[in-house]
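Chemist: Starting from these lines, generate the structure:
(one chain, ligands or ions: 1)
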Amino acid sequence: MNLILLGPPGAGKGTQAKRLEERHGMLQLATGDMLRAERASGSTLGRQVQAIMDSGQFVSDDIMTALIGSRIDRLAQGAGFVLDGFPRNVPQAEALDAMLAARGMRLDYVIEVTVDEAALVDRIAGRFICAQCGASYHERYNPPRRAGICDLCGSTQLVHRADDRAETVRARLAAYRDQTAPVLPYYRAKGILRAVDGMAEPDRVTQEIERILGFAAGGAHG
Ligand code: AMP
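Modeler: Down below sits the predicted model:
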């Protein structure tokens, strides 16, 4: 099962992708997490993308398609993936199609996580992430079980993202509206687009996604 979670920043894509990874063994391919890992490691790529990410703009399509292509090449045979943060525009969607076709793979579903834009600013303002594994938390809506400690990997490096400042969030929402939303009709035309209500409780959103994918709720499934 291969799918894309599509939605604006703060919609909960990362939270849902991590759940699908834990519950169904699907691999989360989160381009934002990959870029943040490059930055943390101080690599050339990380230095190259730093300013652009902090301004809320998009990194170039060439860099992004190369990055995602290398991850898809390293997927274990038969492992399903959840793309989170890619594609972000129509050229990336077309490049992804070509990449998958060349490898004899295909997308099963594209799930749009719909949210009310006014809620996003509030969600993002209270958000922090684990610098080690990328898990995402919220001060009020989704705090870690033990304060200051990541539920998933036990790290104490819980930090706010540099691009979660209010000014940058507006630029990221505009980039979503202008460049990413046009990807929706592209997948609708292919008949694989579905939508879930991202304003619902996270557990409910997971159930909705599992229903679309045909997974029994909460059950392990390849
Ligand atoms: P995210 O964690 O998905 O919100 O991504 C954080 C930032 O990484 C974005 O605001 C972009 O600057 C960059 N980025 C992540 N994925 C992509 C992509 N597919 N295309 C272009 N830029 C991306």
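Chemist: how close does R19 sit to M64?
Modeler: Here the criterion is CB to CB, to the nearest Å. By it, R19 lies 24 Å from M64. No exception for glycine: its C-beta is placed from N, CA and C like everyone else's.
Chemist: With neighbour numbers in mind, choose between those two.
Modeler: Neighbours were counted for R19 and for M64 using other CB atoms under 10 Å; M64 has more, 24 against 20.
Chemist: Start from the N-terminal end of the chain and give the strands.
Modeler: 3-6, 27-30, 81-84, 109-114, 127-130, 136-138, 158-159, 193-197 (DSSP state E).
Chemist: Remind me what the fifth one packs against, helices and strands.
Modeler: With contacts defined as 3 or more CB pairs under 8 Å, 6 or more residues apart in numbering; DSSP states H and E, strand 127-130 has these neighbours: strand 136-138, strand 158-159.
Chemist: redo that, cut-off 6 Å
Modeler: Judged by 3 or more CB pairs under 6 Å, 6 or more residues apart in numbering; DSSP states H and E, the packing partners of strand 127-130 are strand 136-138.
Chemist: any residues touching the strand it packs on, and which ones?
Modeler: Here strand 136-138 makes contact (CB atoms under 6 Å, 6 or more residues apart in numbering) with G14, T15, G126, R127, F128, I129, P144.
Chemist: which regions of this protein sit below the pLDDT cut-off?
Modeler: In the predicted model of the chain, residues 217-222 satisfy pLDDT under 70.
Chemist: where does it come near the ligand, residue by residue?
Modeler: The chain comes close to the ligand at residues 9, 31-32, 35, 52-53, 56-59, 64, 85-86, 88, 92, 163, 172, as judged by CB under 6 Å from any ligand atom.
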